[in-house]
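Q: Sequence and computational prediction follow.
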Amino acid sequence: MLSERIETEKKYPFTIPTIRNLHEVVIENRVTFFVGENGSGKSTLLEAIADQAGFNTAGGSRDHTYDVHASESHLGNYIRLSWAPKTANGFFMRAESFYHFASHIDQLEREEPTGYSRYGGRSLHEQSHGESFLSLFLNGFNSNALYLLDEPEAALSPQRQLTFLRIIHELVEKEDCQFIIATHSPILLGYPSADIYSFDDEEIHKIDYEMTEHYQITKYFLDHRERFLKEILEE
């Protein structure tokens, strides 16, 4: 973070405590998760990383040059990335703008037909939300690449989240890929040996899987469902 440039900033995203207090985050693991409450800054930082990596912040890679309103990164100009080694390959996926990305792919297909070879053989719009996500993961991801994913679980059932974990594992182990994922999913967070960074408590810090609220609340609910519901519904 370029701290000297934000000393006088009083507007978003520097009103977010974790962003204002950000100095450095060292990401060394092949799979890293960002977790935290809504509005804690995890998607904001992920988007800024995508901006500095040269990916389309509306969703896509360096080669996807479509525009979507409000896709500008407010934080990207204030951070710097240090790479070891640097890669130009990769993809930024955000669930909220995936519809626009799918429309962009349809436009490219009309201009130069490929049979949707990288997307399961048909338009992403002709597949269910979950199917289109998995089609992208299975067919569109390359080797030696950085993948930045913002809440990929949004369209995935629990079973398909497990399938996605397998896809991540194969790309990491066989294709030399790296993932940084913002998520609320306790299933995805369970990926073995991943680093988890919490954006709660006003500073970004590493946290063990079992200490995340995602794990603790889900486990408590499953173990004590009736008591849990009684507590929150009969207050």
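A: Cool, the structure landed.
Q: okay, now the closest residue to Phe55 other than its chain neighbours: neighbour count?
A: Leaving aside its sequence neighbours, Phe55 sits nearest to Phe92 (CB to CB, 6 or more residues apart in numbering; 4.1 Å). C-beta: built from backbone N, CA, C; applies to glycine. The local packing of Phe92 (other CB atoms under 10 Å) involves 28 other residues.
Q: does Phe92 really touch Ala145, like I thought?
A: No. Between Phe92 and Ala145 there is no contact under CB atoms under 8 Å: 11.3 Å.
Q: Can you read off the backbone torsions of Met93?
A: Dihedral pair for Met93: phi -120, psi 120, per degrees, to the nearest 10.
Q: rewinding a little: packing partners of the helix or strand where the residue nearest to Phe55 lies?
A: Using DSSP states H and E, Phe92 falls within strand 90-94. Packing partners of strand 90-94 (3 or more CB pairs under 8 Å, 6 or more residues apart in numbering; DSSP states H and E): helix 42-53, strand 146-150.
Q: Repeat the analysis, applying 7 Å as the threshold.
A: Applying 3 or more CB pairs under 7 Å, 6 or more residues apart in numbering; DSSP states H and E, we find strand 90-94 packed against strand 146-150.
Q: what helices or strands is the strand it packs on leaning on?
A: Contacts defined by 3+ CB pairs under 7 Å, 6+ apart place strand 146-150 against helix 42-53, strand 90-94, strand 178-182.
Q: what's the angle between the first one and strand 146-150?
A: The reference is to helix 42-53. 150 degrees (axes from the mean of the first three to the mean of the last three CA atoms, to 10 degrees).
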